[in-house]
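1. give me a model of this one.
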Amino acid sequence: MFGAKNRRRSAVQNILVLTFVSATLFLLWHYQLVFGIHTVKKIHLNPTQMRIIQTTGNRAIATVSLAQGPSRIVHYVWCGRKAFEFRHYLSVLSVLTFLNVEKVEFHFSQSPPVDGNKYNLWFDDAKKIPKFILRQDKKLENCGKDSVQQKIIKYLESEGIYVDENVILTRHLTGTDFVHSPVGSDLSSNKIVFFTKNMTKVSKDTSCQKPEEYVSAKTTAGCILTKKINPADILSKPDRFSTLCRKLFYGKEATPKPVQSPDNLIPKIAHYAWIGGGSISFMTYMSAMSALNILKVEKVLFHGEKEPTGPYWQRLKKDKRVTHVHRDIPEKVYKTSINLPKQGKEFIADIFRIDVLLEYGGIYTDTDCLWVKPIDDLRKYEFVTGLDLVDRSPFPTTLNLGATISKKNASFLHYYREGFRALNPDKPASPWCILGCMIPYKAYEYHPESVYVNNRIQTLCYEGGCHPMWTSNYLDRRVSHLTGAPYNWKNDSYAIHITYPTPGEYSDENTLRKSKGLFADIGRYVLQIDQH
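-> Have a look, this model is predicted:
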């Protein structure tokens, strides 16, 4: 009888010792997870503690395998062919910011495709991160819910964290962020779940928030389930979600502000790119005269390998402020060879624009752009330009540098020129606006503090209609002065950029003098012709 009691007492003591040891090990692991302190290299937990899974709809979002202690490997599972967007890049940045990870493994069958306009290049940015490791798996080409979950389990056989590409972490996660439930539970509950073999739920459910929920909530679940966003969506908004995204992308929560230096003003030198020589048109003559008469520039420089010709050039040369500056066409831009007949004058002009502004600073003007308002209040900024009218999706918008002012050696020009490295040597100018509109916009996304995008620097006129670029629906070409949009051409913008076609009023000076209407009024104004 006493032997039986001793055996029962011994068994109870053994259970208590085992319980104490297990609890101590768990507390040590949890202390490391919460505080990020790795005093113990590896903690062997109970093998029944397997993984953490968060899901949304029918897709898993975040999984952590705990078999070997606190995990430091994050896994992404990329199914099929789809664009790697800005939100996916933010997801990776949030993981690197809020989880003390050793590496991020990206499992894929085929690399995410790049759109024809080359906007979604975020995957290239992710690949530059040393901890971002590519793992190709051909079996992921056609994957559904079940196969994804099987892959997750396979990738997490040792340890790891699975994060869905649409999830952005908002803070450092701890063990208290997760819910305990049995393996095999439904994965369609949009919850963070800690899976074990034998345990039941022991804490409250936690779900990822939508961006609007995160903005209004006083607390955070630790993650946001995002939809499509771009840097333009978060650049200047003061809300909580935009602030978080700026912290992840730009490294600081504050809205980037363009640099101002009132003591160092943009020089009053107007620049034109003149490629291939030839006679200048009346439109180009009016543009140069608008710089002289309205902006009161000190110099007007025409840059090119041949001096302009024709009667209007002879007129301009009578003003000592106007001159031609010889500039050879470059043979190469990084790896791309230059061929004028193949790539066109616009391609060369985009290169000239960067070079002359780096060298001189000043005012770059397309030959179809007329200045109607002095720019003195803008000269304190380092670089100023405006938006373009054309929808070039998936770009949220693009820049139009036809009316641009810049200080000498402005930092934005260096960022802009660096973007030329992404050119395809075989198709460098297809479409031509890649250099003049899209590449500078990408530079703006990464370095918004280096450029002041002023929507009133120019009004873009296209197919007879002048479009107010400062309205929310400026990309809608149906909105113009022809359809009743309010437009005061003398005060609403600094320049009138008549992209296509050249108005008939501008065929020559005699025609202009006889014409009436908006374009005739603008032309007479910049030439200072007596309208009476």
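2. buried set for stretch 518-526?
-> Residues of stretch 518-526 classed as buried by neighbour count (16 or more other C-beta atoms under 10 Å): Leu518, Phe519, Ala520, Ile522, Gly523, Arg524, Tyr525, Val526. Quick note: C-beta positions are derived from backbone N, CA and C, even for glycine.
3. which residue is the nearest non-sequential neighbour of Arg417?
-> Ile354 (5.1 Å; C-beta to C-beta, 6 or more residues apart in numbering).
4. what kind of secondary structure is Thr323 in?
-> At Thr323 the chain is in strand, as set by DSSP: H, G, I helix; E, B strand; the rest coil.
5. residues touching it, list them.
-> Applying C-beta atoms under 8 Å, 6 or more residues apart in numbering, we find Thr323 in contact with Lys299, Val300, Leu301, Phe302, Lys317.
6. same thing but 10 Å
-> Lys299, Val300, Leu301, Phe302, Glu307, Leu316, Lys317 (C-beta atoms under 10 Å, 6 or more residues apart in numbering).
7. same question for Cys433.
-> With the criterion set at C-beta under 10 Å, 6+ apart, Cys433 makes contact with Asn117, Glu346, Asp350, Asp388, Val390, Arg392, Thr398, Asn400, Ile439.
8. now, those that are in strands?
-> Among these, DSSP state E puts Asn400 in strands.
9. out of the contacts of Cys433, the closest to Lys380 would be?
-> Asn400 (21.9 Å; C-beta to C-beta).
10. ok, the closest one touching Tyr364?
-> No: if you go by C-beta atoms under 10 Å, Asn400 and Tyr364 don't touch, sitting 11.6 Å apart.
11. mind giving me the PyMOL select for the contacts of Thr323, buried ones only?
-> Buried subset of the contacts of Thr323, written as a PyMOL selection, criterion 16+ other C-beta under 10 Å:
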select buried, resi 299+300+301+302+316
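12. quick one: which two of the contacts of Thr323 are the most distant?
-> Using C-beta to C-beta, the two most remote members of the contacts of Thr323 are Lys299 and Glu307, lying 15.9 Å apart.
13. which residue is the nearest non-sequential neighbour of Tyr506?
-> Nearest residue to Tyr506, sequence neighbours excluded (C-beta to C-beta, 6+ apart): Met283, at 5.0 Å.
14. which element is the one you found on?
-> For Met283, the element it lies in under DSSP states H and E is helix 282-293.
15. and the nearest residue to Lys139 once chain neighbours are set aside, how close does it get to Leu134?
-> Closest residue to Lys139 apart from its sequence neighbours, by C-beta to C-beta, 6+ apart: Ser109 at 7.2 Å. With distances taken as C-beta to C-beta, to the nearest Å, Ser109 is found 12 Å from Leu134.
16. in helices only, show me the contacts of Cys433.
-> Glu346, Asp350, Ile439 (DSSP state H).
17. just the buried residues of those.
-> The neighbour-count test (16+ other C-beta under 10 Å) marks Asp350, Ile439 as buried among the ones in helices among the contacts of Cys433.
18. taking the mean pLDDT, what do you get for the helix holding Met283?
-> The average pLDDT within helix 282-293 is 98.
19. could you do stretch 151-170 as well?
-> The model assigns stretch 151-170 a mean pLDDT of 77.
20. now the element after the worst-scoring helix or strand of the chain on mean pLDDT, going C-ward?
-> Ranked by mean pLDDT, DSSP states H and E, the weakest helix or strand in the chain is strand 192-196, scoring a mean of 31. Under the assignment DSSP H and E, the closest C-terminal helix or strand after strand 192-196 is helix 211-216.
21. residues contacting that following helix, please?
-> Helix 211-216 is touched from outside by 87, 168, 170, 207-210, 220-221, 223-227, 229, 233-234, 237, 239-245, with contacts defined as C-beta under 10 Å, 6+ apart.
22. so Leu357 sits in a helix?
-> Yes: the assignment for Leu357 is a helix, going by three-state DSSP.
23. I'd like to know which of the ones in helices among the contacts of Cys433 is nearest to Lys151.
-> Proximity of the ones in helices among the contacts of Cys433 to Lys151 (C-beta to C-beta) peaks at Ile439, which lies at 37.1 Å.
24. the closest residue to the closest one other than its chain neighbours in helix, strand or coil?
-> The shortest distance from Ile439 to any non-neighbouring residue, by C-beta to C-beta, 6+ apart, is to Gly419 (3.9 Å). What three-state DSSP gives for Gly419 is helix.
25. isn't Tyr500 up against Gly465?
-> No: with contact defined as C-beta under 10 Å, Tyr500 does not count as touching Gly465 (11.1 Å).
26. any weak-confidence spans in this protein?
-> The chain contains residues with pLDDT under 70 at 1-71, 144-149, 153, 156-159, 174-207, 335, 337-343, 424-432, 531-532.
27. mind listing what's buried along stretch 495-514?
-> Across stretch 495-514, burial judged by 16+ other C-beta under 10 Å covers Ala495, Ile496, His497, Ile498, Thr499, Pro503, Glu505, Tyr506, Glu509, Leu512.
28. which SSE is the residue nearest to Arg417 in?
-> helix 345-359.
29. bridging residues for the residue nearest to Lys127 when sequence neighbours are not counted?
-> Leaving aside its chain neighbours, Lys127 sits nearest to Leu134 (7.2 Å; criterion: C-beta to C-beta, 6+ apart). Taking DSSP bridges, one obtains Phe106 as the residues bridged to Leu134.
30. wait, isn't Leu134 in contact with Phe106?
-> Yes: here Leu134 reaches Phe106: they are 5.5 Å apart, a contact under C-beta under 10 Å.
31. so what sits against both of those two?
-> The contact sets of Leu134 and Phe106 overlap at Trp78, Phe123, Ala126, Lys127 (C-beta under 10 Å, 6+ apart).
32. sort out for me which of these are in helices.
-> Among those, the ones falling in helices (DSSP H) are Phe123, Ala126, Lys127.
33. would you turn the residues you listed into CSV with neighbour count and distance to Asn454?
-> Formatted as CSV, those follow (neighbours: other C-beta atoms under 10 Å; distance: C-beta to C-beta, whole Å):
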residue, neighbour count, distance to Asn454
Phe123, 22, 32
Ala126, 20, 32
Lys127, 13, 35
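34. fine by me, thanks again.
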